Each structure stands twice: as C-alpha cells, then as structure tokens.
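**Q** Predicted model follows, preceded by the sequence.
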Amino acid sequence: MQFWKRIKLLNADNGNKPVVNQFVRWSITKGAGGDALSTAQSKTDKRGRASTELTIATALGDRRVEGSASGVAGRVLIKVACVLPT
C-alpha cells in the first residue's frame, strides 16, 4: 500500500506578487527507499504556485521535500510524518 501527499510552493517577489512561469526543482532530502516524486521539475502558474506529489513507500518515518527556484533567496522544506495503519 502506498500513500501520497501533494506539495505546493508559492513563489512571490519582494512586493509579494506571484512569479509566473518559473521552474521549481523538487528533491527528496529525507525519505525511504521507494519514495518518489511525480515530477522533479514543475513550472509556476499564474498564481505563482508550483506543485509535485510525493508517493510514500511503506516504511515508517519522516520525509522532507525541497523545492528550489532560480533567483529565489530561500528554499521550502516540508516535513511529512508517516504513520502506517496496522
């Protein structure tokens, strides 16, 4: 059994206006064998949002996904705590 989590990143400029059509690179920085992203790169939409989906393998533990974009001063880290049903 596998689970998934949609992950979104909002990219805005210093004036808090959305940055459109910018590529965001995604990577799993902490995970388990079998974890996967639906795409390693996505483009921001007209609202400045980019997304990917994390498929979580059947192992317990925390996951971290990082999204980064060129020209952005920071990175987004998202922690997903996984608890599997027994």
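**A** Perfect, thanks for sending it.
**Q** lowest average confidence, helix or strand, in this structure?
**A** strand 76-82 (a mean of 56; mean pLDDT, DSSP states H and E).
**Q** any chance you could map the strands in the protein?
**A** Assigned by DSSP state E, the chain shows strands spanning 3-10, 23-30, 36-37, 41-43, 49-56, 61-69, 76-82.
**Q** Summarise which helices and strands the fifth one is packed against.
**A** Judged by 3 or more CB pairs under 8 Å, 6 or more residues apart in numbering; DSSP states H and E, the packing partners of strand 49-56 are strand 3-10, strand 23-30, strand 36-37, strand 41-43, strand 61-69, strand 76-82. All C-beta spots, glycine's among them, are computed from the backbone N, C-alpha and C.
**Q** Sheet-wise, list the partners of it with their directions.
**A** strand 3-10 (antiparallel), strand 36-37 (antiparallel) (DSSP bridges).
**Q** what sits up against it?
**A** Residues outside strand 49-56 that contact it (CB atoms under 8 Å, 6 or more residues apart in numbering): 2-11, 18, 22-24, 26, 28, 32, 35-40, 42-44, 63, 65, 67, 69, 80, 82.
**Q** Mark which of those are buried, thanks.
**A** 7, 9, 11, 22, 24, 26, 35, 37, 42, 44, 63, 65, 67, 69, 80, 82 (16 or more other CB atoms under 10 Å).
**Q** how about the nearest residue to the second one, chain neighbours excluded?
**A** Here the nearest residue to Leu9 in space, its sequence neighbours aside, is Gly67; by CB to CB, 6 or more residues apart in numbering that works out to 4.1 Å.
**Q** Please consider this matter closed, and thank you.
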